[in-house]
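S.K.: dropping the sequence and predicted coords here.
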Amino acid sequence: MIPPGLLISAPASGTGKTTLMLGLLGAFRAEGLTVQPFKSGPDYIDPAFHRAASGRASVNLESWAMGAAQITGLIGASEGADLILAEGSMGLFDGVARPGETGTGASADIAALTGWPVVLVIDVSGQAQSAAAVAMGFAQMRPDVVLAGVVLNRVASPRHEALVRVGMESVDIPVLGALPRRPSIEMPERHLGLVQAEETPELDRIIAEAAEFVAAHVDLTALRGAARAAQSTAPAQPVSVSPPGQRIALARDAAFSFVYPHLMDGWHAAGAEILPFSPLADEAPDSSADCCWLPGGYPELHGGALASASHFRQGLRLFSETRPVHGECGGYMAMGAGLIDKNGVRHEMAGLLGLVASYEKRKMHLGYRLAELLAAMPGYGVRARLRGHEFHYSTIVEQPDKALARVCDANGDPVAETGSRRGWATGTFFHLIAEAT
């Protein structure tokens, strides 16, 4: 049975969604409840924090890249839980201008599709009753999105809280909690967002403190009571994902960590076996694998270590002589000829492709990508249409190889980062989310 759910969202990024989400997951878990977390949007960092706080794997739900049936199928991961909590991305209604498979990528699309009421986290610093006007606008923006109530964040004092509550009462919007400032539970960040869960040494302390903090300042009973069962707009069905091979050598460490959970689950469901290895530990892909997948991550922070990992680089080259190797973003850069770090130092990479990428002069590349393959890559044939997401600061210095795909953004405009191919090696700067219909 699928439990009732809520979507935790906000008017903008940086408002406190993740702090509240982790606190709620920890607080409900402390009460003995099983909570299934989800993440709306193409975020590959937050789900790891969700898992640490809830004890259950968090799954991405993505309205631009995924069809309604796939989203509904993924919600099946909550079977056996007591409650669903989904964390939104950016502001509640923020998405692209042109819809994709199910919507624009906005968290509101997921709320509308599922019927999960929204708990809106509002940063009330610098305002009082005026916060109610913000909440009222969000409550009225889309008739198909229901606002369960608000949690006030960064409340300055009891007097400040009382004034904000007066405003919310005047527009009949429930206040489900009020959080004073607590810097000790703010998550560390870097250039791609939060520092990864496995790299946050105080994560257990932060989650425990966040759970205690949220339990003390949020009405957990009222919040849970506002949850509603999902109203499916499509029949539930298993999520179909094309695995890149039967036995997949998968790079997994601090430099290569960004793989969407639904892809790995789909590979397993299709009968594939995943064989993890660590390039940073100078490990080569398993010789018994029939393909190798290098996911995204932070190779730009480990250029020297990867350049020194001679066993990894030689093993990868040998593997690529007879079997396919595919890299996404950071994995793509590691497959190239060289990687230039922030200090301008060039590090030798595996050399499967001629790509040279530089992190010396940072430029953000961000957005949805729709790719039509010009050549086959692991799991997909020529002319397959793939939906994904690109997010990196590295710049291409050299890319002498043939293009892997024709790539455009969410508006249909061509994108220069087409990926590349050479022999058995393929790579892209975008992270695959789903095959387009």
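M.R.: In hand now; what should we look at?

S.K.: quick one: the helices in the protein, in order.
M.R.: Along the chain, counting by DSSP state H, helices occupy 17-30, 46-54, 68-75, 107-114, 130-141, 158-170, 203-217, 220-225, 261-269, 303-308, 310-320, 330-335.

S.K.: isn't residue 286 up against residue 247?
M.R.: Yes. Counting by CB atoms under 8 Å, residue 247 is a contact partner of residue 286 at 7.4 Å. C-beta coordinates here come from the backbone N, C-alpha and C atoms, glycine included.

S.K.: settle it for me: which of these two has more neighbours?
M.R.: More crowded of residue 286 and residue 247, by other CB atoms under 10 Å: residue 286, with 18 against 14.

S.K.: mind giving me the domain ranges of the protein?
M.R.: According to automatic domain parsing, the chain comprises the domains 5-225, 247-435.

S.K.: pipe those into a markdown table and attach mean pLDDT and distance to residue 241 per row.
M.R.: Converted to a markdown table, these look like this (pLDDT from 0 to 100; distance: least, CB to CB, whole Å):
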| stretch | mean pLDDT | distance to residue 241 |
| --- | --- | --- |
| domain 5-225 | 92 | 9 |
| domain 247-435 | 96 | 2 |
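
S.K.: can you put the ones you listed in JSON lines and add distance to residue 231?
M.R.: Converted to JSON lines, the domains of the chain look like this (distance: least, CB to CB, whole Å):
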{"stretch": "domain 5-225", "distance to residue 231": "4"}
{"stretch": "domain 247-435", "distance to residue 231": "21"}
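
S.K.: so for residue 240, which of those domains sits nearest?
M.R.: domain 247-435 (7.0 Å; CB to CB).

S.K.: show the end-to-end separation of that closest one, please.
M.R.: Terminal residues of domain 247-435 are spaced 21 Å apart (CA to CA, to the nearest Å).

S.K.: ditto for stretch 86-99
M.R.: Termini of stretch 86-99 sit 21 Å apart (CA to CA).

S.K.: buried residues in that stretch?
M.R.: Neighbour counts over stretch 86-99 (16 or more other CB atoms under 10 Å) mark 86-96 as buried.

S.K.: how about stretch 279-298?
M.R.: Buried residues in stretch 279-298, counted by 16+ other CB under 10 Å: 279-280, 282-286, 289-298.

S.K.: distance between the ends of stretch 419-437?
M.R.: Stretch 419-437 has an end-to-end distance of 21 Å (CA to CA).

S.K.: returning to that earlier point: common neighbours of residue 286 and residue 247, please.
M.R.: residue 275 (CB atoms under 8 Å, 6 or more residues apart in numbering).

S.K.: re earlier: TSV for the buried residues of stretch 86-99, including distance to residue 15?
M.R.: Output for the buried residues of stretch 86-99, formatted as TSV (distance: CB to CB, whole Å):
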residue	distance to residue 15
86	16
87	12
88	10
89	12
90	10
91	8
92	10
93	14
94	12
95	17
96	21
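
S.K.: closest one to residue 211 out of the residues you listed, please.
M.R.: Residue 211 lies nearest to residue 87 out of the buried residues of stretch 86-99, by CB to CB, at 15.4 Å.

S.K.: how many neighbours does the closest residue to the closest one other than its chain neighbours have?
M.R.: Closest residue to residue 87 apart from its sequence neighbours, by CB to CB, 6 or more residues apart in numbering: residue 21 at 4.4 Å. For residue 21, the number of neighbouring residues by other CB under 10 Å comes to 27.

S.K.: ok, residue 133 next?
M.R.: By other CB under 10 Å, the residues close to residue 133 number 13.
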